Structure formats: structure tokens, C-alpha cells
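Colleague: Need a 3D model of the following:
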Amino acid sequence: MMKKFALVGSAALMALAVTPASAQFKAALNESTAAVEEGARSQQRINELDDQASELLGDYRAALKQRDVLRRFNASRAREVENQLAQIRGLEEDVENIEGLQRAVLPLLEEMLGQLEAFVAADIPFLSQERNDRIARLQEVMTDSTQTAASRYNLIMEAYQIENEYGRTMDSYKGVVDNDGQELTVEFLRIGRLALIYKSADDSILRIYNKDTGQFENLDKSFMQEVRRGIRMANEQTPPDLLQIPVRAPEVTAAAQ
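Modeller: Predicted coordinates:
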């Protein structure tokens, strides 16, 4: 009986010995599995971090390239700005020079206008109202602060050109004269600056301007036909031709002799 008990006790002891080893093995297996899973998760994080690092590296390189492009662009723009500033400085100097030139030109323009006014006043009195109105407009331009020196000069030169053209052209126009205290409508014939003649509508009056006396004087009626022909020529009603018009011979001074 005692021998059987011993065997039973040995089996129990063996069972008790096997049970802790199995538990240890299972625990070790679990720890190994957990370690593998953690390693996998770590590897995944490493891969993700590597991808992020690669992406960031690509962004960094792209940013470096963009920085270089922007540097070159800014350098180019800086050169353009410097050139524009140089141009602005040049224009400012030109403006200062122009302002100085305008101040110097203004007295010259005033003198030109004064000479033109004196010339018209001393000339034979054709188209007097039109010519005096032109001078009055020029005088207004000279006092108009919105007008530049160039525009004033152009207008004065245009007036000079018109006056110059009068000396090379013929003209015929209607006008009113004082005839013994009464207004008389007549037709004028201007032949350059050589002669200014007018006649009445009924051809009863024919007169020519005398620069020496500053008055109109009677003209021999024998010139009436020539005056009529000159009026038709001035009105382009007949082709240009020679006219016989009395012209005072220039006086020869003692100094010229």
C-alpha cells in the first residue's frame, strides 16, 4: 500500500513540474508575438517617416530652386528699377531744363507777337477785323497759364505764315466803307501787298489805297475792266493772268543813291 502511494505522489509531482514550464513557454511565446507585432508597427512608422522625409526633402529641394529663381528675378527687377530711376532722374533734369527754356523763350514770343501786331497795323488795311481778332487771340494765349511755350510758339508761327501768304495771293471779299459819312458796301480786290482796291456794286466808285497818305483815293475808271477781271481771277472764275494795276514806284533815298 505504501508503494502505490509513492507512485501516485511522483505523478502528482511531475504534473506540478510540467504546469509552470508550459506557462512560461506560453508567456514567452506571447512576448515574442508582441515583440514581432511591435517591430512591424515600428517598421511601418519607420517607412512612414522615411516617406515623409523623402517628401520633405523633395519640397526642400523645390523650395531651394524656387528661391534661386526668385533671387534671379529680384536681381533682374532691381536692375530694371535702377534703370527706371535713372530715367526718372534724367526726365527731371529735362523738365528743369525745359522750364528754364520756357522762361527764356517767353520774352522772345512776346517780342514776336509785338512785331506782328506792329506789322499788321502798318500794313495796308485788308481783312482788318480778321487779322486783329487773330492777334487778340494770340494775346489771350500768351496770358493763358495752361498753354505751353511750344503751343504758343506754334500759334504765333502759324499767324506769321498766314501773313506771309497774303503777300503771294490775290483775294476778293465784300466789305463796308465810309463814303461821305454813309456806309457803302463794296467789293475789295487785294493783289498781294501791292494794291488794295475797291469798287461799288454799280461801278460808280473805284478807289485804291495810298500807303503814303493812309487813305483810299479815286482810281481812274480806265482800270475798271482790269479790276473786274482781277476779282474774277481771285474768285477762281477765270484763269490767272497778268493785270495792269497802278503801283507806286519805290522811292529812292539819298543814301541809296
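Colleague: how about the helix or strand that contains Arg137: buried residues?
Modeller: Using DSSP states H and E, Arg137 sits within helix 128-143. For helix 128-143, burial by neighbour count (16 or more other C-beta atoms under 10 Å) applies to 131, 134-135, 138, 141. (Each C-beta comes from the backbone N, C-alpha and C, glycine too.)
Colleague: Return the closest of those with respect to Val81.
Modeller: Val141 (40.5 Å; C-beta to C-beta).
Colleague: report the longest helix in the protein, please.
Modeller: Determined from DSSP state H, the single longest helix within the chain is helix 2-122.
Colleague: ok and it relative to helix 128-143, angle-wise?
Modeller: Helix 2-122 and helix 128-143 are oriented at 140 degrees to each other (axes from the mean of the first three to the mean of the last three C-alpha atoms, to 10 degrees).
Colleague: helices or strands next to helix 2-122 in the packing?
Modeller: Packing contacts for helix 2-122, counted by 3 or more C-beta pairs under 8 Å, 6 or more residues apart in numbering; DSSP states H and E, involve helix 128-143, helix 149-166.
Colleague: how distant is the shortest one from the center of its chain?
Modeller: Per C-alpha atoms, centre = their mean, to the nearest Å, the displacement of helix 128-143 from the mean C-alpha position of its chain is 29 Å.
Colleague: Please apply the same query to the longest one.
Modeller: Shown here is helix 149-166, whose average C-alpha point lies 24 Å from the average C-alpha point of the whole chain (C-alpha atoms, centre = their mean).
Colleague: For it, buried residues please.
Modeller: 149, 152, 155-156, 159, 163, 166.
Colleague: Same question for stretch 214-227.
Modeller: In stretch 214-227, counting by 16+ other C-beta under 10 Å, buried: 216, 219, 223, 226-227.
Colleague: give me the number of residues near Val186?
Modeller: Per other C-beta atoms under 10 Å, the neighbour tally for Val186 reads 21.
Colleague: quick one, what contacts it?
Modeller: Residues near Val186 by C-beta atoms under 8 Å, 6 or more residues apart in numbering: 174-177, 198-201, 205.
Colleague: Tell me the most packed of those, by neighbour count.
Modeller: Tyr198 (25 neighbours).
Colleague: which residues touch Gly167?
Modeller: Counting by C-beta under 8 Å, 6+ apart, Gly167 touches 192-193.
Colleague: which helices and strands does the helix holding Arg137 pack with?
Modeller: Looks like helix 128-143 contacts helix 2-122, helix 149-166 (3+ C-beta pairs under 8 Å, 6+ apart).
Colleague: Turn the buried residues of helix 149-166 into CSV, including pLDDT and distance to Ile191.
Modeller: Formatted as CSV, the buried residues of helix 149-166 follow (pLDDT from 0 to 100; distance: C-beta to C-beta, whole Å):
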residue, pLDDT, distance to Ile191
Ala149, 84, 37
Arg152, 91, 33
Leu155, 95, 28
Ile156, 95, 27
Ala159, 96, 22
Glu163, 95, 16
Tyr166, 94, 11
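Colleague: want to throw those into a markdown table with distance to Phe126?
Modeller: Listed next are the buried residues of helix 149-166 as a markdown table, based on distance: C-beta to C-beta, whole Å:
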| residue | distance to Phe126 |
| --- | --- |
| Ala149 | 31 |
| Arg152 | 26 |
| Leu155 | 21 |
| Ile156 | 21 |
| Ala159 | 15 |
| Glu163 | 11 |
| Tyr166 | 7 |
